[in-house]
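**Q** Here's a sequence, model it:
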Amino acid sequence: MSTPSVCLPPAIVAFALLLACASVTASPADASAATTFQRDLVAILECRADPMTRQTVGKALRAAMYGDAQQRPAHLRGWRFERSGDEDHPVTTLDMPTAVTAQGVTTRRLFIEAGDFSMPINDLQRERIVAAHALRLRSSSLREPFRVWSSPVVAGEAPRPAAVVVRSDGDGYRLGCDLSGEQGDEAAPARRQPVADAHDLAAAAECRASPEALERVEAFWNLALEAGQEAWPAQLQSMASRDSGELYVATLFDPIRIQGVPTRRVALGMGLFAGLMDPGATGQAVSGAGMTAADRSSDGLWEKELSSNQDAGRQVSRSLVVLQRDGVDTLVGCMYGQRVTIDN
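**A** Next comes the predicted model:
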């Protein structure tokens with residue numbers, strides 16, 4: 001037996017449709033919340049947001065990610081969250097139902113890592129943003145991200161607002177912000193300490209650095225090895241390791257002169273602070289260091305002890321060293337050694 005059809009008057013049908021539309025149409029409060037959220041999100045992606053704004057947006061996203069999807073505010077419905085990485089370095093990928101535009105880049109995907117929001121960009125977008133913000137490339141083979149384009153850091157500067165930064169991400173790039181100066185992370189105190197300049201680096205390699213200069217050289221290498229590229233000393237362009245990690249090589253933006261030979265590469269390892277040079281400069285470096293054939297201790301190695309001082313129960317020595325390594329390169333530097341002595 002079939003159910004009889006019921007024909008509703010047109011006015012009732014129109015009213016029913018109006019109710020249905022009202023049930024899915026955002027209220028004025030929802031629309032205002034959505035507008036505010038998107039405005040704040042764009043400010044975060046453009047590195048213009050204050051810490052309170054980032055905290056508010058981050059709290060809303062965490063609630064949407066871990067809470068009941070049915071209880072989400074209207075402007076966060078349809079967002080998808082995926083967590084990856086390990087416990088120490090988690091990364092959250094956000095896929096949005098509608099695109100957002102920031103820094104001239106339109107995307108539906110965002111990333112959150114260590115409190116920093118970022119978005120994927122391509123080669124052309126990277127080139128445009130790097131040029132617009134006068135960012136400089138710093139690269140490292142020691143850890144990811146291997147390439148970072150950021151504003152230079154000046155030793156002793158006060159904490160600065162968030163700054164635009166581009167980081168390599170596999171075959172692509174992410175556009176985000178450098179928050180280290182604002183957040184006061186572990187690199188921020190070190191970056192405000194005096195670090196070695198060109199004179200200090202050369203003096204350390206020539207065995208003539210003062211104790212204060214050696215402290216600045218130590219601060220330089222601590223930042224180079226432990227901090228991210230955004231917190232590196234301003235003159236540092238790239239970092240790499242050689243000889244299975246026995247030697248760390250820093251490439252500078254501008255050359256310095258060590259024993260009269262210009263070089264952009266300085267090295268730490270094997271007991272040396274040194275400049276790394278082309279083998280063709282070996283003779284000039286030996287001469288500049290005031291060494292002769294009498295200082296040649298073995299094939300490709302010249303050594304000259306300059307001083308040996310007693311300090312707090314330790315015998316501290318400094319020796320000039322020129323080491324030619326199989327025609328690959330030459331280390332020209334200073335070997336700092338110490339030996340514990342026992343008073344009878």
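
**Q** Point out where the stretch 151-300 of the chain drops to low pLDDT.
**A** Within the stretch 151-300 of the chain, the set of residues satisfying pLDDT under 70 comprises 153-161, 181-192.

**Q** same thing but at 90, please
**A** Applying pLDDT under 90 to the stretch 151-300 of the chain picks out residues 151-163, 178-194, 227-232, 234, 242-246, 270-271.

**Q** now the stretch 1-150 of the chain
**A** 1-34, 69-71, 84-89, 114-116, 143-145.

**Q** which residues in it form strands?
**A** Per DSSP state E, counting those that start in this stretch, the stretch 1-150 of the chain carries strands over the ranges 80-85, 90-102, 105-113, 116-121, 136-140, 147-150.

**Q** Please tabulate those strands in TSV, including the columns distance to S287.
**A** Using the backbone N, CA and C atoms, a C-beta is placed for each residue, glycine as well. TSV is the format used below for these (distance: least, Cβ to Cβ, whole Å):
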stretch	distance to S287
strand 80-85	53
strand 90-102	53
strand 105-113	51
strand 116-121	50
strand 136-140	34
strand 147-150	38
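
**Q** out of these, nearest to G300?
**A** With Cβ to Cβ, the closest approach to G300 among the strands of the stretch 1-150 of the chain belongs to strand 136-140: 29.4 Å.

**Q** for the closest one, packing partners?
**A** Applying 3 or more Cβ pairs under 8 Å, 6 or more residues apart in numbering; DSSP states H and E, one finds that strand 136-140 makes contact with strand 147-150, strand 236-242.

**Q** how about a cut-off of 6 Å?
**A** Counting contacts by 3 or more Cβ pairs under 6 Å, 6 or more residues apart in numbering; DSSP states H and E, strand 136-140 packs against strand 147-150.

**Q** thinking again about what came up before, quick one: which of the strands of the stretch 1-150 of the chain is nearest G170?
**A** Closest approach to G170 among those (Cβ to Cβ): strand 116-121, 10.1 Å.

**Q** Mind listing the strands that closest one pairs with, and their directions?
**A** Strand 116-121 sits in its sheet next to strand 105-113 (antiparallel), strand 172-178 (antiparallel), going by DSSP bridges.

**Q** looking at those, which is closest to A49?
**A** Closest among the strands paired with strand 116-121, using Cβ to Cβ: strand 172-178, at 8.7 Å.

**Q** circling back: just name the most buried of the strands paired with strand 116-121.
**A** strand 172-178 (a mean of 21; mean count of other Cβ atoms under 10 Å).
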